[in-house]
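Visitor: Okay, sequence plus prediction incoming.
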Amino acid sequence: MLSKVTSFTLLGLDGVPIEVETDIHAGIPSYEIVGLPDTSVKESKERVRSALKNSGKKFPTQKIIINLAPADIKKEGSYFDLAIAIGILKASGYISGDRNINYVFLGELALDGSLRAVNGILPLLISAKNRGYTQFIIPKANAKEASYIEGITVFVAENLNEVVRHLTENMLIPLKVERYEVTKNTNQYKFDMSFVKGQIVAKRAIEIAVSGGHNILLVGTPGAGKTMLARCLPTIMPDMTFEEALEVTKIHSIAGLLGESGIISLRPFRTPHHTASTVSICGGGAKIKPGEISLAHNGVLFLDEMPEYQRATLEALRQPLEDGIITVTRSNGTLSYPANFILCASMNPCPCGNYGSVDRECTCTPSSIHKYRAKISGPLLDRIDIQVEVDSVRYDDLISKEEVEDSQTVKDRVQRTREIQHKRFVKENIRANADIGPRELEKYCKLSSACEDILKQSFESLKLSARARSRIIKVARTIADLAEKEDIEERHLLEAISYRSYDNLRG
Amino acid sequence: MYNKEEKSLIWLDNFHLEYTKKLQIYHLNESLYAVVCNFHRYKNEIVNIVGESIANCMQQSLATKLYMQEILGKYVRENVICLTLKSENYPAELLEIDRPPFVLYCKGNVKLLQHRKFSIIGSRQTLPHILKLTHEFAKRLSTVFTIVTGIADGADTQAVEGAMENKNCIVVLAYGFQYCTPECNKFLLDKVYQEGLVVSEYPPDVAPKNYYYLERNRLLAALSEGVLVVSAGQKSGTKITANYAYQYGKSLFAFPYSIGISSGIGCNALIKQFATLCTKVVDIAEVFGVNLNKEQEIILTEIEKKILTVMQAGETHIIQIANRTGLASFELAPILTALELKKLISSCGGNRYTILVE
């Protein structure tokens, strides 16, 4: 007898329906899976056999052929275990009737017949929903993740027997849809702006960076608090919308990093170590997994000690920084993952780290400093709009006993600035000021003649590179937005010019 | 172009001999040209001085006129001008020292040698704000003096850059023109070749050696009317230049440093011995009785004036300025940048600013 059961597999972030066809007929007992299965799928043969046996079902001693269609897609992972088991039960006549034909089965089987969680349930369900599938049976362990999708019926089961009983007696209750609440997640970050004392210049720079979506470089001596400041970045970013949260959760789901939480509502903060390979940062590998830049999507990618990273790895960031997407091409396929993140990098001002420090003396010569800084290429630096110095000294004694702002206060301002930008760019494909291209620069960042004069003067006397021009104007636009001003004024431009410490230090 | 005596000196210099050996050969006869013409007569003495093989080389080179033609042709092609001891335009200052170079190789604007010259020197490891000050000093002084310095990292580089704003700079190399150390200053050196002057006592194909720098330092001191030491460590080549300057009776100036800064120990030591403490460009100008061109009067706003007053104390952190003026740091940032554009202050790392003009 022949049976057909539907399951799904993932190609990048896209789910593809897989028809699991099972045929059982008389002959020498054998058990074969065809249709380009990889090792993890082939192994499901043994899992399914044991699971059926241990669930009290009879494993047919006949010739069994299982075909995963379409046969030209390489199948990976353990998504098909449940579908194969059900297929065998149907083909052997244990489950009868055609009324369960619409279910999509997803899940890995344990040898005792219980269902284990699989990675990537969220993107699978979303793309299945878009393809018109509405009924799903998935492992209970994936319930949280699945509960955020509206418009589909999801049944969760703990083991194979429950699934079988449901197919015959309809015993499972559909999963309740949960509402995504933005507000409940505030104060869940471990860090807060109020923890950072002093550092007024750097804090202001971070606020501007987040407001305009600019990438930021923190330059400072060791122990100045660069990492602490960087960790504050997500805390002042606007809350993620449901769509954003879904995008982030999808990627984490594929990477198997979702853990207990059903949906990721906090902005990701990724800190790959500087020994990280290009593949681990950008994505790739045999199964083309998302890399750190995709995991940092809608959040922050923090590169601590940037010059220590491999040159090739840093250069690979250039294109995704521009496009907000990474396309990984390998011999077995091409996949695109979103990678829209704020890059926050930190570095020492010089090899010994004490350049510009008050209490410690720098032992580097200008040429060794130059060499150290040349590790970060000009084109990459061009994509980092704000460069700011983090003070090395403890200024506790210098600061008046002012109240330190907490993240929420700053966040409110950022939110307001972002809204101004949304209104302005409603017709363009731009999220924030940092994405302004050369054409929009003319349109949205008009400079008065006084501002043009300042800019011209600054290039002459501060020896800025010509590339710095658009960078400065974009930051000035954000500063103007932060001050809720329509036009870029001179003081906005002048402040923007002050965030170019790297160019400055180079001289 | 060159007369016979000059050509003979260029010929002699071409064999990369030590100074004393050159001197011995030079003293064989009143005229070096006479030695060249009658080489076989002096051969034995020359063998005693330089050894058999070099002497043979010298003799061979004289066998044909081509050898000299080739050297001179090469110098012309590379725009190298040779000023020899016997040349009319040989810098008079060098004749006053005990070991003047036989040939001074020049490339660039030779007229600069006739100007009043002042030397600014310092260590490779110099504090950021001192570097900015060095630049400013070199720029201001180069309106009156031609600045003489090296091309090393750090203070020298800043002095060259500052002086090159007025195209009034002489760089003294410790090696031939074919080389450049540190390599990162190649671009700057090329600029000096074109708009300033580069001199060296070594033929173009001589590679740098450590002790050449010590030799070079005597030229720095000898060429200039005065020397400003902006930074010098405990054991510093800069101190050697300063000692030469003292020996030659030149005026010596040094920046004062606070206790415990290693790049200033040498400066403080010099001040204790014989150098004049110098904090302003005027300190130098007064000694030479020159008037520096007044900087153009810059119109300042009230708040800018206030900030400048606050910054008189020296290197100041932005928070200190904020506290003393009562402005928020983000309000200060534009004003400080504006002051920087007016070249009144300069940022020197770590959100600190230094004042450039009093």
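Guide: Sure, I can see it. Numbering: from 1, shown residues only, chains lettered A, B, ... in the order given.

Visitor: Could you check how many residues crowd around residue A:39?
Guide: The tally of other residues near residue A:39 (other Cβ atoms under 10 Å in any protein chain shown) stands at 7. The C-beta positions use only the backbone N, C-alpha and C, and glycine is treated the same way.

Visitor: Going by neighbour count, list what's buried in stretch A:259-268.
Guide: Buried positions in stretch A:259-268, judged by neighbour count with 16 or more other Cβ atoms under 10 Å in any protein chain shown: A:262-268.

Visitor: Give me the distance between the two termini of that stretch.
Guide: Start to finish, the residues bounding stretch A:259-268 are 14 Å apart (Cα to Cα, to the nearest Å).

Visitor: ok, residues contacting that stretch?
Guide: A:122, A:143-148, A:178, A:180, A:182, A:184-185, A:188-189, A:234, A:237, A:239-240, A:245-246, A:248-249, A:252, A:258, A:295-300 (Cβ atoms under 8 Å, 6 or more residues apart in numbering or on different chains).

Visitor: If we use 6 Å, what do you get?
Guide: For stretch A:259-268, the external contacting residues (Cβ atoms under 6 Å, 6 or more residues apart in numbering or on different chains) are A:144-145, A:148, A:185, A:188, A:234, A:237, A:245, A:248-249, A:252, A:296, A:299.

Visitor: any idea which of the residues you listed is least confident?
Guide: Lowest pLDDT of the contacts of stretch A:259-268: residue A:185, 56.

Visitor: before we move on, back to that, narrow the contacts of stretch A:259-268 to just the buried residues.
Guide: By 16+ other Cβ under 10 Å, the contacts of stretch A:259-268 give A:144-145, A:148, A:185, A:234, A:237, A:245, A:248-249, A:252, A:296, A:299 as buried.

Visitor: Closest to chain B out of the residues you listed?
Guide: Lowest distance from chain B to the buried ones among the contacts of stretch A:259-268 (Cβ to the nearest Cβ) belongs to residue A:237, with 19.7 Å.

Visitor: so that closest one sits right up against residue A:211, yeah?
Guide: No. Residue A:237 is beyond contact range of residue A:211, at 9.6 Å (criterion: Cβ atoms under 6 Å).

Visitor: pLDDT wise, what is residue B:182 at?
Guide: pLDDT at residue B:182 comes out at 85.

Visitor: swap in residue B:104?
Guide: Note for residue B:104: predicted pLDDT of 95.

Visitor: ok, it - contacts?
Guide: B:83, B:199.

Visitor: where does it fall, phi/psi-wise?
Guide: When quoted as degrees, to the nearest 10, the phi and psi of residue B:104 stand at phi -110, psi 110.

Visitor: Residue B:118 and chain A, how far apart?
Guide: Distance, residue B:118 to chain A, by Cβ to the nearest Cβ, to the nearest Å: 23 Å.

Visitor: got the contact list for that residue?
Guide: B:141, B:145, B:224-226.

Visitor: Spell out the secondary structure type for it.
Guide: strand (DSSP: H, G, I helix; E, B strand; the rest coil).

Visitor: Determine which two of the contacts of stretch A:259-268 are furthest apart.
Guide: For the contacts of stretch A:259-268, the farthest-apart pair by Cβ to Cβ is A:144 and A:237; their separation is 23.9 Å.

Visitor: picking up where we left off before, specify which member of the buried ones among the contacts of stretch A:259-268 is nearest to residue B:85.
Guide: Nearest member of the buried ones among the contacts of stretch A:259-268 to residue B:85, counting by Cβ to Cβ, is residue A:296, at 69.9 Å.

Visitor: Could you pull up the contacting residues of that closest one?
Guide: By Cβ under 6 Å, 6+ apart, the contact set of residue A:296 is A:268, A:270, A:341.

Visitor: neighbours around whichever residue of chain B sits closest to chain A, how many?
Guide: Of all residues in chain B, residue B:349 sits closest to chain A, at 2.6 Å by Cβ to the nearest Cβ. Other residues near residue B:349 come to 25 when the count uses other Cβ under 10 Å.

Visitor: contacting residues for it?
Guide: Counted by Cβ under 6 Å, 6+ apart, residue B:349 has contacts A:355-356, B:128.

Visitor: Now it. Nearest residue, chain neighbours left out?
Guide: Excluding the flanking residues, the one nearest residue B:349 by Cβ to Cβ, 6 or more residues apart in numbering or on different chains is residue A:356, at 2.6 Å.

Visitor: That neighbour touches residue B:350, doesn't it?
Guide: Yes. With contact defined as Cβ under 6 Å, residue A:356 counts as touching residue B:350 (3.5 Å).

Visitor: More neighbours: these two, which one.
Guide: Relative neighbour count places residue B:350 above the other of residue A:356 and residue B:350, with 28 against 25, counting by other Cβ under 10 Å.

Visitor: Let me know the helix or strand that the more buried one is in.
Guide: Assigned by DSSP states H and E, residue B:350 falls within no helix or strand.

Visitor: For residue A:64, which non-adjacent residue is closest in space?
Guide: Nearest residue to residue A:64, sequence neighbours excluded (Cβ to Cβ, 6+ apart): residue A:31, at 4.7 Å.

Visitor: in a helix, that's where the one you found is, yeah?
Guide: No. The assignment for residue A:31, made by three-state DSSP, is strand rather than a helix.

Visitor: I'd guessed it sits against residue A:63; true?
Guide: No. Taking Cβ under 6 Å as the definition, residue A:31 is not a contact partner of residue A:63, at 8.3 Å.

Visitor: okay, those two: which has more neighbours?
Guide: Comparing residue A:31 with residue A:63 by neighbour count (other Cβ under 10 Å), the higher total belongs to residue A:31, at 18 against 15.

Visitor: Can you tell me which residues in the stretch 1-150 of chain B are near chain A?
Guide: Proximity of the stretch 1-150 of chain B to chain A, by Cβ under 6 Å from any Cβ of the partner chain, involves residues residue B:124.
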